[in-house]
Every structure is written in C-alpha cells, then in structure tokens.
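Engineer: What follows is a predicted protein model with its sequence.
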Amino acid sequence: MTSAHHPAPEPGLLLRLAGPLQSWGLHSHFNERDTAPFPTRSGIIGMLASALGRRRGQPIDDLTALHMTVRTDRPGIRLRDLHTVGGGLPGKSTVTTAEGKKRPGDTGTLLTHRYYLADAAFTIALTTPQPTTEHHALLDRCANALRNPQWPLHLGRRSCPPEGPLLLGQSDDALHHLIHLPLAARPPRAQAVAGTPVEFLADRPLTDLPAPAHTVSETHEDGTHPSGELNDQPITYHPGQRAYRARPLYRRTLLLPHTQFAGLGAQQLTALGRYLDTRLHTSEGSRR
C-alpha cells in the first residue's frame, strides 16, 4: 500500500449530475449521435456558459482554464433511441443535404440513432490551482449563475434536465470533498474490507488527488499517465465555427468504504444534505 499524498488545497465548485437520461456527445456525426460514458469538458463548460448567459460567440477562455475532475457514482446504462427527422414537412422545410439542397418530400424522413446514459450519476469538482482574487471571483460568479441560471441547464442535451440539486457548494478544498461526499449508489453486496473501487477521471494527472492512505491500492490505476485523449476542450461554441482541441484523459481508482454508498433517491439526498450541513458548509464559513 502506498502512502497518501496531500497537495495544497484547491478552491472549486462541487456539482452533482444525476437524472433519468444524460448524453455527452463526443464523436456525433449526422445521423449518429453518440454519448461519452461520462461528462465531457465541452458539455460542462457549455453548461457554465449557459448559466452565465453567454451567447455562443462570446469568449470562454476563463471557463476553459478551470480543471475538471469527475467521480463516477453510477456509470448508468447505455441506451439507444431511434428518432425520425424531417417527416411530414413540405420540401422547402425538409432536412438539408450535404450539397446544400433540400430533400424531396417523399424522401424527407431520416432515421437517426441517439445514445444516452440512463440512470447515471456523477459528482464533479471544478477547481483552480491558482487561488487568486480573480479566480475566486470567477468561482463566485459561476456558483451564483448555477443557482440562478440565465438559461435552462441540461445534462448534455436539452432533453436531459438534471434531477435534484446540481450545485452542491463551493469549497476551498474541493478535491477533498469530491472524495468524501456520499455516493449516489447502493451499498455493494460484497463489502470488501479494503473498500469498493470507484473511478475518478480528470484532465490532468491524478497523483495530486488528496486520497487517504486506506483508499489507495497499487493494483488499480493511479492516474500518473494519460489513458488516452478526448477531443472535448472547447475553443469556441460559435455557430458554424465550433471548434475543439484534444486534451489528455487521466483515470484513477480509489477504494471507498461501503458506508459512503448512500443509496438512491431520498435516502442519498438525505445523506448528502447531512454531509453538506455538517462538513462542507459549517467548516468553510461563507463559501457555500
């Protein structure tokens, strides 16, 4: 068993992403609309921009500077839904072809396959390693916007509204709470003494995750090296000029105690509220 590593605390926001359906598009093209198995940076930064009331062509450089770490509470089930597009419309209103023309009415109906995550739940920390006055002000603005969003928020697609509280709070040590917050999952049937594996994903090495010694295992991924790349770092959301760049994906698995698995529905929300009242809000003064 390796020893725990405790880096300097990082201020940040804690989000809860849960709902009947989520869909985080990654490689969607034309009639195939996929979903990543976890929230993407482009989806979460887009959510912040929407909450702040920014239009698609406005700068997002301040938001893309935030780091994102995801805890997978429940991975959910991948669901495919069949949609039809363009049917029953006059020719001038049907789907546009690759050549820029309109399909005739008798061939205007297209089939599309759209993928979702059903019954998934994630907890996210959005943090800044530079706790300057400017960065604290950005976190404050984002927290206020998530409490009172300018436009409705959704989990990847407009048809996927969030369930329950989305913003859990603001913390001066967000990664610590990301590890310790109650999980939105049933307690494991086989309660291993060492704990149950829970995956964390991030856009930077996870060696600085403040993991207690009893949660660390040498037999699981430690987040030192990237496991791959994702093309989900947004550059602009401008219509017609939408652009992204690749960023590394890091994974780390921690063994969390079975007592941290708080169940589903009201049971989990009760445990979550108790944690927020006794450990997050009261210990950090006005950063709620």
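Structural biologist: Sure, I can see it.

Engineer: wait, W24 sits on P39?
Structural biologist: Yes: the pair W24 / P39 is scored as a contact, 5.3 Å apart, by CB atoms under 8 Å. To be clear about C-beta, it is placed using only N, CA and C from the backbone, and glycine gets the same treatment.

Engineer: residues bridging contact with these two, i.e. touching both?
Structural biologist: Taking CB atoms under 8 Å, 6 or more residues apart in numbering as the contact rule, W24 and P39 both touch 155-156.

Engineer: Looking only at residue counts, what's the top helix in this structure?
Structural biologist: Assignment by DSSP state H gives helix 133-147 as the longest helix of the chain.

Engineer: Do a quick rundown of the helices in the stretch 101-250 of the chain.
Structural biologist: In the stretch 101-250 of the chain, the helices defined using DSSP state H, counting those that start in this stretch lie at 133-147, 174-180.

Engineer: which neighbours does the helix or strand containing L17 have in its sheet, and in what orientation?
Structural biologist: Element membership for L17 (DSSP states H and E) is strand 12-18. In the sheet, strand 12-18 lines up against strand 121-127 (antiparallel), strand 167-171 (antiparallel) (DSSP bridges).

Engineer: Now render the ones you listed as TSV, adding mean pLDDT.
Structural biologist: Below are the strands paired with strand 12-18 laid out as TSV (pLDDT from 0 to 100):
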stretch	mean pLDDT
strand 121-127	98
strand 167-171	96
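
Engineer: Reformat the helices of the stretch 101-250 of the chain as a markdown table; add distance to G43 and mean pLDDT.
Structural biologist: Formatted as a markdown table, the helices of the stretch 101-250 of the chain follow (distance: least, CB to CB, whole Å; pLDDT from 0 to 100):
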| stretch | distance to G43 | mean pLDDT |
| --- | --- | --- |
| helix 133-147 | 14 | 94 |
| helix 174-180 | 18 | 97 |
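
Engineer: Show me the beta-bridge partners of R252.
Structural biologist: When bridges are called by DSSP bridges, R252 pairs up with F200, D222.

Engineer: what's near enough to touch it?
Structural biologist: 199-200, 202, 206, 209, 211, 220-223.

Engineer: Just the buried subset of those residues, please.
Structural biologist: Buried members of those, scored by 16 or more other CB atoms under 10 Å, are 199-200, 202, 206, 209, 211, 221-223.

Engineer: mind putting these in a markdown table, pLDDT and distance to A243 included?
Structural biologist: Formatted as a markdown table, the buried ones among the contacts of R252 follow (pLDDT from 0 to 100; distance: CB to CB, whole Å):
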| residue | pLDDT | distance to A243 |
| --- | --- | --- |
| E199 | 97 | 29 |
| F200 | 98 | 28 |
| A202 | 97 | 23 |
| L206 | 95 | 27 |
| L209 | 93 | 30 |
| A211 | 93 | 35 |
| E221 | 84 | 31 |
| D222 | 89 | 33 |
| G223 | 93 | 28 |
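
Engineer: can you give me the strands in the chain?
Structural biologist: Ranges of strands within the chain are 12-18, 21-22, 32-33, 67-74, 77-85, 110-118, 121-127, 167-171, 196-202, 228-236, 243-256, based on DSSP state E.

Engineer: Nearest to L146, out of the strands paired with strand 12-18?
Structural biologist: Closest approach to L146 among the strands paired with strand 12-18 is made by strand 167-171 (4.2 Å; CB to CB).

Engineer: who touches the closest one?
Structural biologist: Under the criterion CB under 8 Å, 6+ apart, residues 11-16, 123, 139-140, 143, 146-147, 177, 181, 272, 276, 280-281, 284, 287-288 lie in contact with strand 167-171.

Engineer: same thing but 7 Å
Structural biologist: For strand 167-171, the external contacting residues (CB atoms under 7 Å, 6 or more residues apart in numbering) are 11-16, 139, 143, 146-147, 177, 276, 280-281, 284, 287-288.

Engineer: where are the low-confidence patches of the stretch 51-200 of the chain?
Structural biologist: 83, 85-110, 191-193 (pLDDT under 70).

Engineer: who touches P9 in this structure?
Structural biologist: By CB under 7 Å, 6+ apart, the contact set of P9 is 172-173, 176.

Engineer: Spatially central residue in this protein, please.
Structural biologist: When CA atoms, centre = their mean is applied to the chain, the residue found nearest the centroid is P39 (3.6 Å).

Engineer: since we're on G57, how many residues are nearby?
Structural biologist: Close neighbours of G57, defined as other CB atoms under 10 Å, add up to 11.
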